[in-house]
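Participant: here is the input, now give the coordinates:
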Amino acid sequence: MTKVQAKIAKSPNGISLKIQDYQTLTKFRLSMMVVFSAAMGYILAAPILMWAELLKLCFGGFLLSGAASAFNQILEREYDRLMDRTSNRPLAAGRMEVSEAVFAAGLMSLGGLAILATFNSLTALIGAISLLSYAFVYTPMKRTSSLAVLVGAFPGAFPPLIGWVAVTGTLSPEALALFGIQFMWQFPHFWAIAWVSFEDYAKAGFYLLPSKGGRDRNTAFQCLFYALLLIPVSLFLFVMGITGLISAVIVGLAGVIFAGLAFNLYIKLDRKSALMLMFGSFIYLPVALIALVIDKV
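Facilitator: Predicted coordinates for the structure are as follows:
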C-alpha cells in the first residue's frame, strides 16, 4: 500500500470508500442474487424450515460468490480499465492492490467452502466446481470464444441446485429441474446484456454474442429459442408434484411474457428491445422462484 492509499484508508471517507470497494469486488448485488437463488432451492427442499441452517447457507454462498467475483476482477483488471462500466472497479482504478484482492478472494473461498461442507460433501463439491469454473474457465474464455456464455451458464445455474443439495445431499430430478430453470434463463439474460453493452465489451475484446454478426437476427433468434425452451422446463416441478397449479400458472405466464420480450427483440433488433429483455430477465427469475416457494409452502 502506498502512503497515499494508507492515508485515504485511515480517513472516515477512506473507510467508506473501502467498504464500497469491497462491495464492488464481491459484486454485492450479483452475489445477493446468488444467495437468493440458493435460499429458494433450500426452502423448496426443506420439509421443515430451519432458519439457522438457511442463514448459514446464505453466508457460505455469499462468500463463495464474492470470491468468484474477486478472482474474475483480478484476472480481468487490465481489460476492466478499457470499459466504461468497469473502469472504476477498485483493481482497475488502482485503489486496491492485487495482493489484497487475492488474499480476500482466497479467504472467502476457504470460508465459503468450509461452511458448505458442514451440510454435506456434495454441496461443497458443487460449490468448488462453481467457483473454479467461473473464475478460471469462464473468465479467460470470454476473450477467446462466445462459448464462454455456455460455460458460464453452468456455475450461474448452480445456486438453487446447491440449496436443494444442502438439504437432501443428492442430485435428484427436482434439483436438476431447478438447475434447468436458471440454466435456460441465463442465455437470453446474458445475451441481452451483451447486446446493450456491445460497444463497451468490444473495447476490451469481449465478443460474447452467439452470432458472428453480433447484434443480428441470429442472435435474437437464439435469445427467443432459449426463452421459449424455458417455459416447459419451468413447469417440471409442477409435473413432479413438488409445486401446485398456482405456481405453474404464474411461472408459465411469466415465461410467455419473457418470451414475448425476446420475440420483440427478434422483430425489431434494436437496443431498446434488448434493454426491455434485459430488465425482463431481472424480473422473471425472482418472480418464478418466489412463486414456486409460496405455492410449495
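
Participant: what residues does Tyr138 make contact with?
Facilitator: Residues in contact with Tyr138 (C-beta atoms under 8 Å, 6 or more residues apart in numbering) are 148, 151-152, 155. Placement of C-beta: from N, CA and C, glycine included.

Participant: quick check: it vs Ser145, distance?
Facilitator: Between Tyr138 and Ser145 the distance is 11 Å, computed by C-beta to C-beta, to the nearest Å.

Participant: Tyr22 - how many residues pack around it?
Facilitator: For Tyr22, the number of neighbouring residues by other C-beta atoms under 10 Å comes to 17.

Participant: any stretches of the stretch 1-150 of the chain with poor pLDDT?
Facilitator: Applying pLDDT under 70 to the stretch 1-150 of the chain flags residues 1-12.

Participant: what segments of it are helices?
Facilitator: 3-10, 12-25, 28-45, 51-75, 77-80, 98-117, 121-133, 139-141, 148-168 (DSSP state H, counting those that start in this stretch).

Participant: centre of the chain to stretch 269-284, how far?
Facilitator: How far stretch 269-284 lies from its chain's middle: 17 Å, per C-alpha atoms, centre = their mean, to the nearest Å.

Participant: for that stretch, the averaged confidence score.
Facilitator: For stretch 269-284, the mean per-residue pLDDT is 97.

Participant: residues in contact with the most centrally placed residue in the chain?
Facilitator: By C-alpha atoms, centre = their mean, the chain has its centre lying nearest to Gly156, at 4.7 Å. The contact partners of Gly156, taken as C-beta under 8 Å, 6+ apart, are 134, 182-183, 186.

Participant: next one: Leu265
Facilitator: 192, 195, 220, 223-224, 273-274, 276-277.

Participant: pull the number of nearby residues for Gly260.
Facilitator: Neighbours of Gly260 using other C-beta under 10 Å come to 14.

Participant: helix/strand/coil for it?
Facilitator: helix (DSSP: H, G, I helix; E, B strand; the rest coil).

Participant: tell me how far Ala288 lies from Leu55.
Facilitator: 23 Å.

Participant: quick one, which of the two is more surrounded?
Facilitator: Ala288 (23 against 11).

Participant: how far away is the residue nearest to that one when sequence neighbours are not counted from Leu230?
Facilitator: Of all residues beyond its chain neighbours, the one nearest Ala288 is Val251 (4.8 Å), with distances taken as C-beta to C-beta, 6 or more residues apart in numbering. According to C-beta to C-beta, Val251 and Leu230 sit 9 Å apart.

Participant: what's the answer for Val98, then?
Facilitator: Val98 is 39 Å from Leu230, by C-beta to C-beta.

Participant: fine by me, we can end here.
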